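Engineer: With the input below, show me the fold.
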Amino acid sequence: MTPSPTAPERCVLCDGASLGVEYAGPRLRVFCCAACGHRTALHLEPPAATDYYEQTPQSDRFVATLEATRRRQARRLIEKLAELGGTAANWFDFGFGRGWFLDEARPDIRGGVGGFESSPLAVRWAESRGLSVAKPLPTAADWPDFATLDYEPEVVSLLDVVEHLDGSGAERALQRLRAELPALGWLIVKVPSSDGVLYRTSRALAGLAPGPYEQLYQVGTLPPHYHYFNPRSLARLLERSGYDVRALLFDRDVDNLFHRIGSLRRLPGGGLAARAVGMFPNDSVIAFATVSA
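Structural biologist: Numbers count the residues shown, from 1 in each chain. Alright, predicted model coming up:
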């Protein structure tokens with residue numbers, strides 16, 4: 001029997017004891033830290049047990065919009081890394097999804113290009129396009145065996161990954177990367193931001209229509225979102241994990257919100273709200289960090 005989830009007593013990032021309830025529904029409760037603004041989600045129903053990419057039918061329009069966003073972000077991240085004096089070499093994308101980011105970035109990367117995914121379907125897509133995929137550890141299906149790669153990662157990206165790690169799992173994962181990758185020079189972490197207009201709009205509408213808000217937390221999917229960061233809490237996560245933040249980059253996380261958040265456009269005036277939200281490029285925050293001395 002699966003134990004019932006328990007509400008957090010302290011903030012997982014700053015250890016603050018003042019956690020207010022931002023949202024309480026039959027399927028989801030969200031707690032907000034008064035000190036750092038970090039959001040922690042408590043999912044009250046079991047997530048789906050199937051591969052993420054097979055859980056919910058995704059229209060061709062939805063997938064095309066998502067691909068356009070990921071490819072645009074790849075170009076922007078490569079450019080920003082160069083501005084900071086970093087070199088795009090031996091790149092490892094942890095949780096590469098459909099592989100669009102690596103596809104787009106590959107021409108600008110020197111050396112190895114690959115990553116890791118726990119989804120068997122995503123692994124098949126990546127291998128069919130010639131990307132290098134790390135095998136999982138025999139003892140942990142959700143962690144890569146870096147010895148199965150033919151290169152040593154120097155740049156590691158985690159794009160929309162750490163918010164899926166429950167409790168202090170994000171901090172443990174980043175610390176483990178630091179410990180297991182001696183050549184690691186740059187870490188790039190992208191998360192959705194609660195400071196963004198998309199989050200604020202969905203939260204404001206949650207009392208009337210919880211669908212968009214619960215969709216942001218991916219209620220019922222595997223894995224759901226357990227965290228919503230803001231620039232302060234993302235920087236705190238990296239610093240606690242042994243990294244020095246070199247830059248924070250803000251970006252719109254959805255290039256065509258009308259195609260991405262279906263439940264929002266079905267609300268009265270939702271189409272106008274969707275277009276307005278898409279004008280503001282602050283719905284995700286991307287941190288560029290180096291390993292602390």
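
Engineer: how about low-confidence regions in this protein?
Structural biologist: Residues of the chain that meet the criterion pLDDT under 70 lie in 1-4, 48-59, 253-281.

Engineer: Please, where are all the strands along it?
Structural biologist: 19-24, 28-33, 39-43, 89-94, 110-116, 132-133, 136-137, 140-144, 155-159, 186-192, 227-228, 243-251, 284-291 (DSSP state E).

Engineer: Just want the angle from the longest one to strand 284-291.
Structural biologist: What it means is strand 243-251. If you take axes from the mean of the first three to the mean of the last three Cα atoms, to 10 degrees, strand 243-251 sits at 160 degrees to strand 284-291.

Engineer: sorry, back to before: same list (the strands of the chain) but as TSV, adding distance to Arg203 and mean neighbour count.
Structural biologist: To be clear about C-beta, it is placed using only N, CA and C from the backbone, and glycine gets the same treatment. Conversion of the strands of the chain to TSV gives the following (distance: least, Cβ to Cβ, whole Å; neighbours: other Cβ atoms under 10 Å):
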stretch	distance to Arg203	mean neighbour count
strand 19-24	7	14
strand 28-33	9	21
strand 39-43	10	22
strand 89-94	29	24
strand 110-116	32	21
strand 132-133	37	19
strand 136-137	36	16
strand 140-144	30	14
strand 155-159	23	24
strand 186-192	13	24
strand 227-228	10	25
strand 243-251	19	17
strand 284-291	16	21
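
Engineer: Next up, the contacts around the residue lying closest to Asp108 once chain neighbours are set aside.
Structural biologist: Computed as Cβ to Cβ, 6 or more residues apart in numbering, the closest residue to Asp108 that is not its neighbour in sequence is Ile78, at 4.9 Å. For Ile78, the contacting residues are 88, 105, 108-109, by Cβ atoms under 8 Å, 6 or more residues apart in numbering.

Engineer: Now for the residues you listed: which two are most distant?
Structural biologist: Ala88 and Ala105 (7.0 Å; Cβ to Cβ).

Engineer: For stretch 160-170, list every residue counted as buried.
Structural biologist: Under the neighbour-count criterion of 16 or more other Cβ atoms under 10 Å, stretch 160-170 has 160-166, 170 buried.

Engineer: same check, this time on stretch 100-113
Structural biologist: 100-106, 109, 112-113.
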